[in-house]
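S.K.: Sequence and predicted structure, then a few things I'm wondering about:
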Amino acid sequence: MASDPDPGNLPAPAETASTPIRFGILGAARIGPNALLKPAQSHPEVTIAAVACRDAAKGARYAKQWNIPKTYAGPKAYNELLADPEIDAVYIPLPNGAHYAWSIRALEAGKHVLIEKPMTSTAEEAREIFALAEQKGLVALEAMHSTFHPAAQRVREIVLSGELGKVKSVNVAFGLPAWISQFMFEKNDVRFDYNLAGGCAMDMGVYPIAAIRNAIGLEVASLEVASATAVPHPADPDRIDRAMHATYNLPNSMTAETTIDFAIPGKGPFGLIPRLPQLTLSVHLEGGDIEFFNFVAPHMYHSIKVKPKRGSARTEKVYRYADGRDGKGWTTYRYQLQAFVDKIRGRKPWVWIEATTSITEMEVVEKVYEKSGLPPRRSQQIV
Ligand SMILES: NC(=O)C1=CN([C@@H]2O[C@H](COP(=O)(O)OP(=O)(O)OC[C@H]3O[C@@H](n4cnc5c(N)ncnc54)[C@H](OP(=O)(O)O)[C@@H]3O)[C@@H](O)[C@H]2O)C=CC1
Ligand SMILES: O=C1OC[C@@H](O)[C@H](O)[C@H]1O
(Lines give C-alpha, C1' and ligand atoms only; values in the text may rest on other atoms or scores of the structure.)
(Ligands and ions follow the chains in the order given, each with its own letter.)
Protein backbone atom coordinates (compact mmCIF):
# COMPACT_ATOMS: atom_id res chain seq x y z
CA MET A 1 0.00 0.00 0.00
CA ALA A 2 1.51 3.36 -0.93
CA SER A 3 0.78 6.88 0.21
CA ASP A 4 -0.48 9.70 -2.01
CA PRO A 5 1.93 10.33 -4.88
CA ASP A 6 3.93 13.50 -5.26
CA PRO A 7 2.38 14.94 -8.43
CA GLY A 8 5.63 16.73 -9.26
CA ASN A 9 7.61 13.53 -9.11
CA LEU A 10 6.62 11.83 -12.33
CA PRO A 11 8.78 9.11 -13.86
CA ALA A 12 11.78 10.39 -15.79
CA PRO A 13 11.56 10.09 -19.58
CA ALA A 14 12.60 6.58 -20.53
CA GLU A 15 15.11 5.60 -23.16
CA THR A 16 13.42 4.29 -26.27
CA ALA A 17 13.94 0.59 -27.00
CA SER A 18 15.69 -0.32 -30.23
CA THR A 19 12.48 -1.67 -31.81
CA PRO A 20 9.76 0.50 -30.29
CA ILE A 21 6.10 0.31 -31.15
CA ARG A 22 5.51 3.31 -33.42
CA PHE A 23 2.23 5.05 -32.65
CA GLY A 24 0.23 7.30 -34.89
CA ILE A 25 -2.60 9.49 -33.59
CA LEU A 26 -5.74 10.29 -35.54
CA GLY A 27 -6.68 13.87 -34.62
CA ALA A 28 -4.94 16.48 -32.50
CA ALA A 29 -7.43 15.82 -29.73
CA ARG A 30 -7.38 17.47 -26.30
CA ILE A 31 -7.16 14.11 -24.55
CA GLY A 32 -4.11 12.98 -26.56
CA PRO A 33 -1.44 14.41 -24.21
CA ASN A 34 -2.81 12.83 -21.04
CA ALA A 35 -3.93 9.58 -22.59
CA LEU A 36 -0.90 8.80 -24.72
CA LEU A 37 1.72 11.49 -25.26
CA LYS A 38 2.79 11.89 -21.62
CA PRO A 39 2.56 8.17 -20.75
CA ALA A 40 4.66 7.37 -23.84
CA GLN A 41 7.51 9.48 -22.45
CA SER A 42 8.17 6.93 -19.73
CA HIS A 43 7.53 3.78 -21.76
CA PRO A 44 10.77 2.42 -23.19
CA GLU A 45 8.99 0.47 -25.93
CA VAL A 46 6.85 3.29 -27.30
CA THR A 47 7.56 6.08 -29.68
CA ILE A 48 5.07 8.59 -31.08
CA ALA A 49 5.82 8.63 -34.78
CA ALA A 50 3.05 10.73 -36.33
CA VAL A 51 -0.11 12.73 -35.81
CA ALA A 52 -2.81 13.34 -38.40
CA CYS A 53 -4.87 16.50 -38.21
CA ARG A 54 -7.42 17.92 -40.58
CA ASP A 55 -6.06 21.42 -40.03
CA ALA A 56 -2.40 21.92 -40.99
CA ALA A 57 -1.62 24.78 -38.60
CA LYS A 58 -3.22 23.00 -35.63
CA GLY A 59 -1.41 19.78 -36.49
CA ALA A 60 1.93 21.58 -36.74
CA ARG A 61 1.43 23.23 -33.33
CA TYR A 62 0.52 19.91 -31.73
CA ALA A 63 3.47 18.12 -33.33
CA LYS A 64 5.88 20.85 -32.22
CA GLN A 65 4.58 20.94 -28.67
CA TRP A 66 4.78 17.16 -28.30
CA ASN A 67 7.87 16.57 -30.37
CA ILE A 68 6.10 14.36 -32.92
CA PRO A 69 8.37 13.93 -35.94
CA LYS A 70 5.73 13.47 -38.66
CA THR A 71 2.49 15.34 -39.31
CA TYR A 72 -0.17 14.46 -41.84
CA ALA A 73 -2.55 17.31 -42.58
CA GLY A 74 -5.64 18.06 -44.62
CA PRO A 75 -8.72 16.09 -45.61
CA LYS A 76 -6.74 12.92 -46.44
CA ALA A 77 -4.54 13.11 -43.33
CA TYR A 78 -6.09 10.20 -41.43
CA ASN A 79 -5.93 7.88 -44.46
CA GLU A 80 -2.34 8.93 -45.15
CA LEU A 81 -1.30 8.13 -41.60
CA LEU A 82 -2.93 4.72 -41.86
CA ALA A 83 -1.05 4.04 -45.10
CA ASP A 84 2.29 4.83 -43.42
CA PRO A 85 4.30 1.59 -43.14
CA GLU A 86 6.29 3.14 -40.29
CA ILE A 87 3.26 3.10 -37.97
CA ASP A 88 2.51 -0.04 -35.93
CA ALA A 89 -0.34 1.12 -33.68
CA VAL A 90 -2.97 3.81 -33.94
CA TYR A 91 -4.58 5.76 -31.09
CA ILE A 92 -8.11 6.94 -31.94
CA PRO A 93 -9.27 9.92 -29.84
CA LEU A 94 -11.86 11.06 -32.37
CA PRO A 95 -15.48 11.99 -31.60
CA ASN A 96 -17.41 8.89 -30.55
CA GLY A 97 -19.23 8.53 -33.85
CA ALA A 98 -15.92 8.27 -35.73
CA HIS A 99 -14.36 5.51 -33.57
CA TYR A 100 -15.88 2.59 -35.42
CA ALA A 101 -15.06 3.49 -39.01
CA TRP A 102 -11.49 4.60 -38.29
CA SER A 103 -10.80 1.57 -36.11
CA ILE A 104 -11.92 -0.73 -38.92
CA ARG A 105 -9.80 1.20 -41.39
CA ALA A 106 -6.77 1.09 -39.10
CA LEU A 107 -7.12 -2.66 -38.60
CA GLU A 108 -7.51 -3.18 -42.33
CA ALA A 109 -4.25 -1.26 -42.72
CA GLY A 110 -2.59 -3.73 -40.35
CA LYS A 111 -2.35 -1.48 -37.26
CA HIS A 112 -3.12 -2.30 -33.65
CA VAL A 113 -5.78 0.03 -32.26
CA LEU A 114 -6.23 1.81 -28.95
CA ILE A 115 -9.73 3.25 -29.18
CA GLU A 116 -11.07 5.98 -26.90
CA LYS A 117 -14.11 5.30 -24.77
CA PRO A 118 -16.92 4.76 -25.58
CA MET A 119 -15.45 2.31 -28.04
CA THR A 120 -18.26 2.56 -30.61
CA SER A 121 -21.84 3.72 -30.99
CA THR A 122 -23.30 0.19 -30.82
CA ALA A 123 -22.38 -3.23 -29.49
CA GLU A 124 -22.50 -4.68 -33.00
CA GLU A 125 -19.78 -2.26 -34.12
CA ALA A 126 -17.56 -3.26 -31.19
CA ARG A 127 -18.13 -6.91 -32.10
CA GLU A 128 -17.00 -6.22 -35.68
CA ILE A 129 -13.85 -4.45 -34.52
CA PHE A 130 -12.79 -7.35 -32.30
CA ALA A 131 -13.63 -9.91 -34.97
CA LEU A 132 -11.47 -8.09 -37.51
CA ALA A 133 -8.63 -7.65 -35.00
CA GLU A 134 -8.68 -11.35 -34.28
CA GLN A 135 -8.76 -12.25 -37.94
CA LYS A 136 -5.75 -10.00 -38.58
CA GLY A 137 -3.83 -11.03 -35.47
CA LEU A 138 -3.91 -7.46 -34.15
CA VAL A 139 -4.71 -5.96 -30.75
CA ALA A 140 -7.81 -3.81 -30.20
CA LEU A 141 -8.38 -2.19 -26.83
CA GLU A 142 -11.04 0.14 -25.49
CA ALA A 143 -9.24 2.94 -23.62
CA MET A 144 -11.20 2.48 -20.37
CA HIS A 145 -8.16 3.70 -18.47
CA SER A 146 -9.55 3.70 -14.90
CA THR A 147 -9.81 -0.09 -14.86
CA PHE A 148 -6.05 -0.45 -15.22
CA HIS A 149 -5.19 1.45 -12.03
CA PRO A 150 -4.14 -0.61 -8.99
CA ALA A 151 -6.75 1.17 -6.85
CA ALA A 152 -9.55 -0.19 -9.09
CA GLN A 153 -7.99 -3.63 -8.89
CA ARG A 154 -7.73 -3.34 -5.10
CA VAL A 155 -11.45 -2.55 -4.77
CA ARG A 156 -12.19 -5.61 -6.87
CA GLU A 157 -9.87 -7.69 -4.71
CA ILE A 158 -11.59 -6.60 -1.49
CA VAL A 159 -15.06 -7.29 -2.90
CA LEU A 160 -14.13 -10.66 -4.37
CA SER A 161 -12.19 -11.73 -1.27
CA GLY A 162 -15.51 -12.22 0.51
CA GLU A 163 -14.26 -10.18 3.48
CA LEU A 164 -17.61 -8.36 3.62
CA GLY A 165 -19.75 -11.18 2.27
CA LYS A 166 -22.03 -11.07 -0.74
CA VAL A 167 -22.69 -7.94 -2.79
CA LYS A 168 -26.20 -6.55 -2.43
CA SER A 169 -26.05 -3.37 -4.50
CA VAL A 170 -23.72 -0.88 -6.14
CA ASN A 171 -24.27 2.86 -6.51
CA VAL A 172 -22.15 5.09 -8.68
CA ALA A 173 -22.25 8.85 -9.07
CA PHE A 174 -20.11 10.59 -11.66
CA GLY A 175 -21.06 14.22 -12.03
CA LEU A 176 -19.32 17.43 -12.97
CA PRO A 177 -20.66 20.62 -11.39
CA ALA A 178 -21.75 23.19 -13.97
CA TRP A 179 -19.20 25.72 -12.70
CA ILE A 180 -16.41 23.29 -13.59
CA SER A 181 -17.74 21.80 -16.81
CA GLN A 182 -18.24 25.24 -18.37
CA PHE A 183 -14.42 25.44 -18.47
CA MET A 184 -13.93 21.82 -19.57
CA PHE A 185 -16.27 21.70 -22.52
CA GLU A 186 -16.62 23.91 -25.56
CA LYS A 187 -19.99 25.44 -26.46
CA ASN A 188 -20.25 23.15 -29.48
CA ASP A 189 -18.36 20.31 -27.86
CA VAL A 190 -18.29 16.96 -29.67
CA ARG A 191 -20.04 15.56 -26.58
CA PHE A 192 -23.20 17.57 -27.31
CA ASP A 193 -23.45 16.64 -31.00
CA TYR A 194 -25.88 13.85 -31.82
CA ASN A 195 -24.37 13.40 -35.28
CA LEU A 196 -21.04 12.59 -33.60
CA ALA A 197 -22.72 10.09 -31.23
CA GLY A 198 -22.54 12.47 -28.28
CA GLY A 199 -24.50 12.36 -25.03
CA CYS A 200 -23.71 11.95 -21.37
CA ALA A 201 -24.48 8.22 -21.23
CA MET A 202 -21.97 7.72 -24.04
CA ASP A 203 -19.28 10.04 -22.72
CA MET A 204 -19.50 9.67 -18.94
CA GLY A 205 -21.86 6.71 -18.65
CA VAL A 206 -19.35 4.08 -19.66
CA TYR A 207 -17.20 4.79 -16.59
CA PRO A 208 -19.77 3.70 -13.97
CA ILE A 209 -20.75 0.67 -16.03
CA ALA A 210 -17.12 -0.43 -16.35
CA ALA A 211 -16.40 0.36 -12.69
CA ILE A 212 -19.37 -1.63 -11.39
CA ARG A 213 -18.51 -4.64 -13.49
CA ASN A 214 -14.82 -4.52 -12.57
CA ALA A 215 -15.55 -4.06 -8.86
CA ILE A 216 -17.88 -7.02 -8.56
CA GLY A 217 -16.29 -9.28 -11.17
CA LEU A 218 -19.20 -9.15 -13.59
CA GLU A 219 -17.42 -8.12 -16.75
CA VAL A 220 -18.60 -10.89 -19.03
CA ALA A 221 -22.33 -10.41 -18.54
CA SER A 222 -24.51 -7.61 -19.82
CA LEU A 223 -26.53 -5.70 -17.22
CA GLU A 224 -30.31 -5.67 -17.34
CA VAL A 225 -31.37 -2.03 -17.44
CA ALA A 226 -34.49 -1.66 -15.29
CA SER A 227 -34.99 2.08 -15.80
CA ALA A 228 -33.28 5.08 -17.35
CA THR A 229 -34.27 8.72 -17.08
CA ALA A 230 -32.53 11.43 -19.05
CA VAL A 231 -32.22 15.12 -18.27
CA PRO A 232 -32.14 16.85 -21.67
CA HIS A 233 -29.15 18.90 -22.75
CA PRO A 234 -30.09 22.43 -23.89
CA ALA A 235 -27.94 22.05 -27.04
CA ASP A 236 -30.25 19.32 -28.41
CA PRO A 237 -32.92 18.43 -25.84
CA ASP A 238 -34.64 15.75 -27.92
CA ARG A 239 -31.49 13.74 -28.59
CA ILE A 240 -28.70 14.66 -26.17
CA ASP A 241 -28.72 13.88 -22.45
CA ARG A 242 -27.09 16.30 -20.04
CA ALA A 243 -27.59 13.76 -17.25
CA MET A 244 -28.84 10.19 -16.98
CA HIS A 245 -30.06 8.18 -14.02
CA ALA A 246 -30.31 4.42 -14.53
CA THR A 247 -31.10 1.37 -12.42
CA TYR A 248 -30.05 -2.19 -13.16
CA ASN A 249 -30.95 -5.72 -12.16
CA LEU A 250 -27.91 -7.93 -11.80
CA PRO A 251 -27.59 -11.69 -11.28
CA ASN A 252 -28.20 -13.14 -7.80
CA SER A 253 -30.70 -10.39 -6.88
CA MET A 254 -28.01 -7.70 -6.90
CA THR A 255 -29.00 -4.24 -8.06
CA ALA A 256 -27.12 -1.18 -9.26
CA GLU A 257 -27.78 2.48 -9.83
CA THR A 258 -25.79 5.04 -11.82
CA THR A 259 -26.12 8.81 -11.90
CA ILE A 260 -24.06 10.81 -14.36
CA ASP A 261 -24.17 14.50 -15.18
CA PHE A 262 -22.26 16.81 -17.52
CA ALA A 263 -23.25 19.90 -15.56
CA ILE A 264 -24.80 19.58 -12.09
CA PRO A 265 -26.59 22.87 -11.39
CA GLY A 266 -25.77 24.84 -8.23
CA LYS A 267 -28.04 24.60 -5.18
CA GLY A 268 -30.10 27.17 -3.33
CA PRO A 269 -31.54 30.47 -4.55
CA PHE A 270 -30.72 30.97 -8.27
CA GLY A 271 -28.42 27.94 -8.08
CA LEU A 272 -25.75 30.09 -6.49
CA ILE A 273 -24.38 27.50 -4.09
CA PRO A 274 -21.76 25.52 -6.03
CA ARG A 275 -21.69 21.73 -5.95
CA LEU A 276 -18.71 19.43 -5.63
CA PRO A 277 -17.78 16.87 -8.29
CA GLN A 278 -19.37 13.44 -7.76
CA LEU A 279 -16.91 10.61 -8.21
CA THR A 280 -17.88 7.79 -5.88
CA LEU A 281 -18.47 4.10 -6.40
CA SER A 282 -20.20 2.54 -3.38
CA VAL A 283 -20.52 -1.20 -2.98
CA HIS A 284 -23.01 -2.39 -0.37
CA LEU A 285 -22.33 -5.90 0.88
CA GLU A 286 -23.95 -8.11 3.49
CA GLY A 287 -21.14 -7.38 5.94
CA GLY A 288 -20.55 -3.67 5.26
CA ASP A 289 -19.81 -1.06 2.64
CA ILE A 290 -16.92 0.00 0.45
CA GLU A 291 -16.68 3.58 -0.80
CA PHE A 292 -14.21 4.26 -3.58
CA PHE A 293 -13.79 7.99 -4.07
CA ASN A 294 -12.44 9.05 -7.46
CA PHE A 295 -12.90 5.81 -9.31
CA VAL A 296 -12.41 7.73 -12.59
CA ALA A 297 -8.93 9.20 -12.10
CA PRO A 298 -7.56 7.52 -8.98
CA HIS A 299 -3.99 8.53 -9.80
CA MET A 300 -4.84 12.16 -8.96
CA TYR A 301 -6.22 11.28 -5.53
CA HIS A 302 -8.47 8.56 -4.22
CA SER A 303 -9.61 6.81 -1.08
CA ILE A 304 -11.05 3.35 -0.54
CA LYS A 305 -13.09 3.31 2.67
CA VAL A 306 -13.90 -0.15 3.96
CA LYS A 307 -16.66 -0.01 6.57
CA PRO A 308 -17.53 -3.40 8.08
CA LYS A 309 -20.78 -3.63 10.05
CA ARG A 310 -18.72 -5.28 12.78
CA GLY A 311 -15.17 -4.18 13.54
CA SER A 312 -13.36 -1.02 12.67
CA ALA A 313 -13.33 0.90 9.43
CA ARG A 314 -10.16 1.49 7.43
CA THR A 315 -9.07 3.61 4.52
CA GLU A 316 -6.77 2.31 1.84
CA LYS A 317 -4.90 4.22 -0.87
CA VAL A 318 -3.24 2.17 -3.56
CA TYR A 319 -1.14 4.14 -6.00
CA ARG A 320 1.23 1.33 -6.94
CA TYR A 321 1.47 -2.43 -7.06
CA ALA A 322 3.16 -3.78 -3.95
CA ASP A 323 5.88 -5.59 -5.89
CA GLY A 324 7.09 -2.36 -7.48
CA ARG A 325 6.67 -3.55 -11.06
CA ASP A 326 5.29 -0.12 -12.00
CA GLY A 327 6.68 3.41 -11.71
CA LYS A 328 6.08 6.22 -9.26
CA GLY A 329 3.37 8.65 -10.34
CA TRP A 330 1.93 6.39 -13.05
CA THR A 331 -1.46 7.57 -14.22
CA THR A 332 -4.37 5.36 -15.22
CA TYR A 333 -3.32 6.06 -18.81
CA ARG A 334 0.24 4.91 -18.15
CA TYR A 335 -1.04 1.62 -16.75
CA GLN A 336 -3.30 1.30 -19.78
CA LEU A 337 -0.39 1.87 -22.15
CA GLN A 338 1.61 -0.75 -20.29
CA ALA A 339 -1.18 -3.28 -20.84
CA PHE A 340 -1.64 -2.41 -24.51
CA VAL A 341 2.09 -2.74 -25.23
CA ASP A 342 2.36 -5.97 -23.23
CA LYS A 343 -0.48 -7.46 -25.26
CA ILE A 344 1.10 -6.42 -28.56
CA ARG A 345 4.41 -7.89 -27.44
CA GLY A 346 2.75 -11.18 -26.53
CA ARG A 347 3.25 -10.72 -22.78
CA LYS A 348 0.41 -11.22 -20.29
CA PRO A 349 -0.86 -7.76 -19.27
CA TRP A 350 -1.33 -7.12 -15.54
CA VAL A 351 -4.93 -6.18 -16.27
CA TRP A 352 -6.80 -6.61 -19.54
CA ILE A 353 -10.20 -5.60 -20.86
CA GLU A 354 -11.56 -8.48 -22.92
CA ALA A 355 -13.59 -8.04 -26.09
CA THR A 356 -16.72 -9.37 -24.38
CA THR A 357 -16.44 -6.70 -21.70
CA SER A 358 -16.33 -3.83 -24.17
CA ILE A 359 -19.04 -5.34 -26.37
CA THR A 360 -21.46 -5.89 -23.49
CA GLU A 361 -20.65 -2.44 -22.09
CA MET A 362 -21.93 -0.97 -25.37
CA GLU A 363 -25.01 -3.21 -25.09
CA VAL A 364 -25.74 -1.57 -21.74
CA VAL A 365 -25.32 1.93 -23.18
CA GLU A 366 -27.69 1.04 -26.01
CA LYS A 367 -30.28 -0.28 -23.54
CA VAL A 368 -29.95 2.85 -21.38
CA TYR A 369 -30.77 5.09 -24.35
CA GLU A 370 -33.63 2.82 -25.37
CA LYS A 371 -35.16 2.87 -21.86
CA SER A 372 -34.71 6.63 -21.58
CA GLY A 373 -36.66 7.24 -24.78
CA LEU A 374 -33.77 9.05 -26.45
CA PRO A 375 -32.81 7.90 -29.95
CA PRO A 376 -29.99 5.35 -30.47
CA ARG A 377 -26.49 6.63 -31.21
CA ARG A 378 -25.22 6.13 -34.74
CA SER A 379 -21.71 6.19 -36.18
CA GLN A 380 -20.58 8.46 -38.98
CA GLN A 381 -19.96 7.26 -42.50
CA ILE A 382 -16.48 8.19 -43.65
CA VAL A 383 -15.23 8.60 -47.22
N1 LIG B 1 -9.92 8.64 -21.63
C2 LIG B 1 -10.25 9.85 -21.20
O3 LIG B 1 -9.94 10.24 -20.08
C4 LIG B 1 -10.98 10.76 -22.10
C5 LIG B 1 -11.47 10.29 -23.28
N6 LIG B 1 -12.08 11.13 -24.15
C7 LIG B 1 -12.60 10.59 -25.40
O8 LIG B 1 -11.75 11.02 -26.46
C9 LIG B 1 -12.50 11.38 -27.60
C10 LIG B 1 -12.14 12.80 -27.98
O11 LIG B 1 -12.48 13.68 -26.96
P12 LIG B 1 -11.76 15.10 -26.82
O13 LIG B 1 -10.28 14.94 -26.81
O14 LIG B 1 -12.38 15.80 -25.70
O15 LIG B 1 -12.24 15.77 -28.18
P16 LIG B 1 -11.59 16.91 -29.07
O17 LIG B 1 -12.74 17.68 -29.63
O18 LIG B 1 -10.51 17.64 -28.38
O19 LIG B 1 -10.86 16.07 -30.20
C20 LIG B 1 -11.52 15.32 -31.12
C21 LIG B 1 -10.64 15.27 -32.37
O22 LIG B 1 -11.42 14.62 -33.33
C23 LIG B 1 -11.12 15.14 -34.62
N24 LIG B 1 -12.34 15.20 -35.42
C25 LIG B 1 -12.58 14.45 -36.49
N26 LIG B 1 -13.78 14.70 -36.97
C27 LIG B 1 -14.32 15.64 -36.21
C28 LIG B 1 -15.55 16.34 -36.24
N29 LIG B 1 -16.48 16.10 -37.17
N30 LIG B 1 -15.77 17.26 -35.30
C31 LIG B 1 -14.84 17.51 -34.35
N32 LIG B 1 -13.66 16.87 -34.27
C33 LIG B 1 -13.40 15.95 -35.21
C34 LIG B 1 -10.42 16.46 -34.41
O35 LIG B 1 -9.18 16.21 -34.98
P36 LIG B 1 -8.35 17.19 -35.93
O37 LIG B 1 -7.24 17.54 -35.03
O38 LIG B 1 -8.00 16.34 -37.07
O39 LIG B 1 -9.23 18.35 -36.30
C40 LIG B 1 -10.28 16.63 -32.92
O41 LIG B 1 -8.97 16.96 -32.54
C42 LIG B 1 -13.96 11.11 -27.24
O43 LIG B 1 -14.33 9.86 -27.71
C44 LIG B 1 -13.98 11.11 -25.71
O45 LIG B 1 -14.99 10.27 -25.18
C46 LIG B 1 -12.14 12.47 -23.89
C47 LIG B 1 -11.65 12.99 -22.73
C48 LIG B 1 -11.12 12.16 -21.70
O1 LIG C 1 -12.86 11.49 -17.80
C2 LIG C 1 -13.75 12.09 -18.39
O3 LIG C 1 -14.43 13.07 -17.76
C4 LIG C 1 -15.20 14.00 -18.47
C5 LIG C 1 -15.68 13.48 -19.77
O6 LIG C 1 -16.39 14.41 -20.49
C7 LIG C 1 -14.56 12.85 -20.53
O8 LIG C 1 -14.88 12.54 -21.86
C9 LIG C 1 -14.19 11.69 -19.74
O10 LIG C 1 -13.41 10.75 -20.41
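M.R.: Ah, there it is. Ligands and ions are numbered 1, 2, ... in the order given.
S.K.: Show me the shaky parts of the stretch 251-383 of the chain.
M.R.: Along the stretch 251-383 of the chain, no part satisfies pLDDT under 70.
S.K.: Quick one: the helices in it, in order.
M.R.: Taking DSSP state H, counting those that start in this stretch to define them, one finds helices in the stretch 251-383 of the chain at 332-344, 355-372.
S.K.: winner for burial among these?
M.R.: Neighbour counts (mean count of other CB atoms under 10 Å) averaged over each of these peak at helix 332-344, with a mean of 24. Quick note: C-beta positions are derived from backbone N, CA and C, even for glycine.
S.K.: how close does the residue of the stretch 101-250 of the chain found nearest ligand 1 get to residue 235?
M.R.: Closest approach of the stretch 101-250 of the chain to ligand 1 (CB to the nearest ligand atom) occurs at residue 116, with a separation of 3.7 Å. Distance of residue 116 to residue 235, computed by CB to CB, to the nearest Å: 21 Å.
S.K.: cool, residue 270 as well?
M.R.: If you measure residue 270 against residue 235 using CB to CB, the figure is 22 Å.
S.K.: what's the answer for residue 28, then?
M.R.: Look at residue 28 and residue 235: by CB to CB, they are 23 Å apart.
S.K.: mind listing what the residue most central in space within the chain touches?
M.R.: The centroid of the chain falls nearest to residue 144 when counting by CA atoms, centre = their mean (3.0 Å). By CB atoms under 8 Å, 6 or more residues apart in numbering, residue 144 lies in contact with 117, 206, 207, 210, 336, 353, 358, 361.
S.K.: and if you look at residue 352?
M.R.: Residue 352 neighbours (CB under 8 Å, 6+ apart): 339, 343.
S.K.: Kindly report the same for the one 3 residues further on.
M.R.: Residue 355 makes contact with 126, 127, 130, 134, 140, according to CB under 8 Å, 6+ apart.
S.K.: what bridges to the last one?
M.R.: Beta-bridge partners for residue 140, by DSSP bridges, are residue 113.
S.K.: For ligand 2, see how far away the closest residue to residue 143 other than its chain neighbours is.
M.R.: Nearest-residue entry for residue 143: residue 116, 5.0 Å, with adjacent residues in sequence omitted and distances by CB to CB, 6 or more residues apart in numbering. From residue 116 across to ligand 2, the span is 8 Å (CB to the nearest ligand atom, to the nearest Å).
S.K.: Pull the number of nearby residues for residue 116.
M.R.: 25 (other CB atoms under 10 Å).
S.K.: ok, the residue of the stretch 151-300 of the chain found nearest ligand 2 - contacts?
M.R.: For the stretch 151-300 of the chain, the residue positioned closest to ligand 2 under CB to the nearest ligand atom is residue 203, at a distance of 4.7 Å. Taking CB under 8 Å, 6+ apart as the criterion, residue 203 is in contact with 96, 118, 191, 262.
S.K.: Which ones among those also lie next to ligand 2?
M.R.: residue 191 (CB under 6 Å from any ligand atom).
S.K.: Tell me if I'm right that residue 26 and residue 89 touch.
M.R.: No. Taking contact to mean CB atoms under 8 Å, the distance of 11.5 Å between residue 26 and residue 89 leaves them out of contact.
S.K.: So which of these two has more stuff around it?
M.R.: When residue 26 is set against residue 89 and neighbours are counted by other CB under 10 Å, the residue ahead is residue 26, at 30 against 23.
S.K.: Show me what that one is bridged to.
M.R.: residue 52.
S.K.: ditto for residue 279
M.R.: residue 174.
S.K.: I'd like to know which of the helices of the stretch 251-383 of the chain is closest to residue 169.
M.R.: helix 355-372 (16.6 Å; CB to CB).
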